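> Dropping a prediction and its sequence here:
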There are 2 protein chains.
Amino acid sequence: MPHETFQTVTGQINWNAPMYRLYEKAKKNSWNPANIDFTQDKEDFQNLRDEERIAALPLVSSFSAGEEAVTVDILPMVQVMARQGRLEDTMFLTTFMHDEAKHTEMFSRWQHAVGVGDMDLSVFHGDSYKRIFYEALPESMERLNTDDSPEAIIRAATVYNMIVEGTLAESGYYSFRQIFKKADLLPGILEGIDYLNKDEGRHLQFGIYTIQRLVVGNDAYFKVFNDYMDELWEHAYGVVDYLTSLADEQRQTANFESSLEIDSDMMKDYALKQFNIRKSKVERARKYQNVEELETEATKELQQQ
Amino acid sequence: MPHETFQTVTGQINWNAPMYRLYEKAKKNSWNPANIDFTQDKEDFQNLRDEERIAALPLVSSFSAGEEAVTVDILPMVQVMARQGRLEDTMFLTTFMHDEAKHTEMFSRWQHAVGVGDMDLSVFHGDSYKRIFYEALPESMERLNTDDSPEAIIRAATVYNMIVEGTLAESGYYSFRQIFKKADLLPGILEGIDYLNKDEGRHLQFGIYTIQRLVVGNDAYFKVFNDYMDELWEHAYGVVDYLTSLADEQRQTANFESSLEIDSDMMKDYALKQFNIRKSKVERARKYQNVEELETEATKELQQQ
């Protein structure tokens, strides 16, 4: 389709659009994975026993594939926003995509630095992980290439932003900190995790806002969101269950006192908590009469942050 | 399509890939349009006579629409690279897209600052401009959504990187400097232009490398590139001709001595020179036997920069 008009020529950027505020925030919080020092991580990792590495590698393996998947899978969402003439959303998503590339880089750098760059870590991807990252995510995202209906966008943002980012990545950060920060190990990757966490905060705001503006005043669309969340929960829980079971097994067979503490129940509880927070955030859209009200509130919130 | 494998899980990023080197370079050269001070530009612009503004507004109008167009139109290229499993290219393109969003922002900020934010500047888009930016660019780029053949990629990179960026944008920077730097006016937008120029340098390297790796050892593909360049030159020249004519006309009817010097012939010559440089850069691919040779050279060059 030829271009018919350009927003910044016939007028200007909508400087108060929630997604433009988020774009400004993203620019200010730029960071570079190349500046993280992994020297101590290398030493720490070499000093870990084989059994203890099992606490780190499956988590890293889940993150690496996850970040690589989302770097590629966000593209159809960007195209939908561009096609629908949502310039400010498109601009924000350019920072979003670049964040994902940096996250992919961060984990690949870490693997390279600690000496597992050429190891095949895909053995740590269980069935639930595969269901979400190999199948549901690309399926829902690629649907946007030919279908930009509200339903398709809601489903895409649900699996991408609410499950992969809002439930699994958030639980992953928590696990990293619980296991390695408490043990005073791997400071480099923990620094990276802090940056990732901030970036994901903005991504979640995009996802929540995008779903909210489509479900405002529409119970049928709200049900699409809620049903898909519930459908995906089984697999999301499965991912956490698999990762914690791996660690539990290793601990039971190990014949030494490990410095790493892994509380499986706490991690499962945390994941459920995150899942419920995402649901309730979207639920808040119910208090608005229309998109304008939602936008005004979202802009206000973003200006206060 | 479901994901089958992830490069950073079964292995790692190819740290020496030319496009990965370019990605690293992009991260180091990050800048923020929000930090540019347009106070002096506002004063300068208000002091210009109406006739003199005609030297600034058509150029700004061409850039604004151009940057907005390329922000959106690069998306199918990113999807092709992702689909073809070119992770390093995809990562570089996340910086590329973000650059384009910042360029769009820069011009919109300037228009807002000097008080023409709500003026419709599309009156300054002539037929040649429309042929390239409204039609040829989205046509060639959107073709990539359904066709990722070498021919389709070559045509897309030709209009996008070689004509729009490598010929027209470069000529636009030159004009800005010739007209306003010499007159010691509009320091803010000139600062922005310097940043844009650096960003475009990397974009051109992407375009040249992408075309080169597809035409290496293939005369038919080389012809696709050359023919499309020649076909587009007429319109590219038309853009420069139209913009310089506008300025010439204004000067002839003005009854005052302007502080702005506009040498139309010099600008047309500059555009032709840029066009020929792009052609000869791609032509260099002929000296390589295969893509491996080209890649080795490209990596070497990027490491020296």
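On my side now, so go ahead.
> which parts of stretch A:113-123 are buried?
The neighbour-count criterion (16 or more other Cβ atoms under 10 Å in any protein chain shown) identifies A:113-114, A:116-117, A:121-122 as the buried residues of stretch A:113-123. Any C-beta I mention is one placed from the backbone N, CA and C, and that applies to glycine too.
> Straight-line length of it, end to end?
20 Å (Cα to Cα, to the nearest Å).
> Stretch A:42-53 now?
Its start and end residues considered, stretch A:42-53 measures 12 Å (Cα to Cα).
> cool, stretch A:32-48 as well?
28 Å.
> Quick one, grab the pLDDT at A:Ile132.
The score at A:Ile132 is 98. That number is its pLDDT.
> secondary structure class for the closest residue to it other than its chain neighbours?
Once its chain neighbours are removed from consideration, A:Ile132 has its nearest residue in A:His235; the separation is 5.1 Å (Cβ to Cβ, 6 or more residues apart in numbering or on different chains). Reducing the assignment at A:His235 to three states with DSSP: H, G, I helix; E, B strand; the rest coil gives helix.
> Restricting to the buried residues of stretch A:113-123, which residues neighbour chain B?
Contacts with chain B are made by A:117, A:121-122 out of the buried residues of stretch A:113-123, judged by Cβ under 8 Å from any Cβ of the partner chain.
> Now secondary structure and pLDDT too, for these, in a markdown table please.
Output for those, formatted as a markdown table (DSSP: H, G, I helix; E, B strand; the rest coil; pLDDT from 0 to 100):
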| residue | secondary structure | pLDDT |
| --- | --- | --- |
| A:Gly117 | coil | 94 |
| A:Leu121 | helix | 95 |
| A:Ser122 | helix | 95 |
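> Can you give me the separation between A:Glu261 and chain B?
In this structure, A:Glu261 lies at 27 Å from chain B, with Cβ to the nearest Cβ, to the nearest Å as the measure.
> next one: A:Phe256
The value you get for A:Phe256 to chain B, if Cβ to the nearest Cβ is used, is 29 Å.
> what do you get for A:Tyr174?
22 Å.
> in which helix or strand would I find A:Asn276?
In the assignment (DSSP states H and E), A:Asn276 maps to helix A:264-283.
> Give me every residue in the stretch 101-250 of chain A lying close to chain B.
Residues of the stretch 101-250 of chain A lying near chain B (Cβ under 8 Å from any Cβ): A:101-102, A:104-105, A:107-109, A:111-112, A:117-118, A:120-122, A:125, A:133-135, A:137-139, A:142, A:145.
> Got a quick ChimeraX command for the buried subset of those?
Here is the ChimeraX command that picks out the buried ones among these, judged by 16+ other Cβ under 10 Å:
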select /A:101,102,104,105,107,108,109,111,112,117,121,122,125,133,134,137,138,142
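> Please flag which of the residues of the stretch 101-250 of chain A next to chain B sit within helices.
A:101-102, A:104-105, A:107-109, A:111-112, A:137-139, A:142 (DSSP state H).
> Quickly name whichever of those is closest to A:Arg83.
Within the set of these, A:Glu142 lies nearest A:Arg83; the separation is 14.8 Å, counting by Cβ to Cβ.
> so, in contact with chain B or not, stretch A:19-37?
Yes - using Cβ under 8 Å from any Cβ, a contact is recorded between stretch A:19-37 and chain B, made by A:23-24, A:27-28, A:30, A:32, A:34.
> Farthest pair within these?
Across those, no pair lies farther apart than A:Glu24 and A:Ala34, at 24.1 Å, counting by Cβ to Cβ.
> Spatially central residue for chain A, please.
The structure's chain A has its C-alpha centroid closest to A:Glu165; by Cα atoms, centre = their mean the separation is 2.3 Å.
> sorry, back to before: any residues touching the helix holding A:Asn276, and which ones?
A:162-163, A:166-168, A:170-171, A:174-175, A:178, A:204, A:208, A:211-212, A:215, A:222, A:225-226, A:229, A:233, A:236-237, A:240-241, A:243-245, A:247-248 (Cβ atoms under 8 Å, 6 or more residues apart in numbering or on different chains).
> Apply 7 Å and report the result again.
Among residues not part of helix A:264-283, those counted as contacts by Cβ atoms under 7 Å, 6 or more residues apart in numbering or on different chains are A:162, A:166-167, A:170-171, A:174-175, A:208, A:211-212, A:215, A:225, A:229, A:233, A:236-237, A:240-241, A:244, A:248.
> And the next helix-or-strand element following it, what does it pack against?
As assigned by DSSP H and E, the chain's next helix or strand after helix A:264-283 is helix A:291-304. Secondary structure elements in contact with helix A:291-304, counted by 3 or more Cβ pairs under 7 Å, 6 or more residues apart in numbering or on different chains; DSSP states H and E, are helix A:18-28, helix A:187-215.
> isn't A:Phe176 right up against A:Leu190?
Yes - using Cβ atoms under 7 Å as the test, A:Phe176 is close enough to A:Leu190 to be in contact (6.5 Å).
> Have a look at the two and say which one is more surrounded.
More neighbours sit around A:Phe176 than around the other of A:Phe176 and A:Leu190, counting by other Cβ atoms under 10 Å in any protein chain shown; the figures are 23 against 17.
> Not counting sequence-adjacent ones, nearest residue to that one?
For A:Phe176, the closest residue by Cβ to Cβ, 6+ apart turns out to be A:Ile193, at 5.2 Å.
> Over to A:Asp248?
Beyond its immediate neighbours in the sequence, the residue positioned closest to A:Asp248 (Cβ to Cβ, 6+ apart) is A:Ser264, lying 5.7 Å away.
> Also A:Asn32?
Counting by Cβ to Cβ, 6+ apart, the nearest residue to A:Asn32 once its immediate chain neighbours are dropped is B:Lys27, at 5.0 Å.
> my guess is the one you found meets A:Trp31, correct?
No - using Cβ under 7 Å as the test, B:Lys27 is too far from A:Trp31 to be in contact (9.3 Å).
> ok, so what distance separates the residue lying closest to A:Thr5 once chain neighbours are set aside from B:Met77?
Closest residue to A:Thr5 apart from its sequence neighbours, by Cβ to Cβ, 6+ apart: B:Ser122 at 7.0 Å. Taken as Cβ to Cβ, to the nearest Å, the spacing of B:Ser122 relative to B:Met77 amounts to 25 Å.
> Check A:Val80 too.
Separation of A:Val80 from B:Met77 (Cβ to Cβ) stands at 17 Å.
> Between the two, tell me which one has more neighbours.
Neighbour totals were compared for A:Val80 and B:Met77, and B:Met77 leads with 26 against 23 (other Cβ under 10 Å).
> Okay, and that one sits in which element?
helix B:75-83.
> Quick check: buried residues in that helix?
Neighbour counts over helix B:75-83 (16+ other Cβ under 10 Å) mark B:75-82 as buried.
> circling back: can you list the helices and strands packed on helix A:291-304 in CSV and add mean pLDDT?
Putting those into CSV (pLDDT from 0 to 100) gives the following:
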stretch, mean pLDDT
helix A:18-28, 97
helix A:187-215, 97
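> among those, which is nearest B:Glu52?
Closest to B:Glu52 of the helices and strands packed on helix A:291-304, according to Cβ to Cβ: helix A:18-28, at 31.8 Å.
> What are the contacting residues of the closest one?
For helix A:18-28, contacts defined as Cβ under 7 Å, 6+ apart pick out A:13-14, A:88-89, A:91-92, A:95, A:202, A:205-206, A:209, A:295, A:298-299, A:302-303, B:32, B:34.
> thinking again about what came up before, just the buried positions in the helix holding A:Asn276, please.
Neighbour counts over helix A:264-283 (16+ other Cβ under 10 Å) mark A:264, A:267, A:270-272, A:274-275, A:278-279, A:281-282 as buried.
> Taking those, tell me the two that lie furthest apart.
Within those, two members stand farthest from each other by Cβ to Cβ: A:Ser264 and A:Val282, at 28.2 Å.
> How much space separates A:Val282 from A:Asn276?
Going from A:Val282 to A:Asn276 by Cβ to Cβ gives 11 Å.
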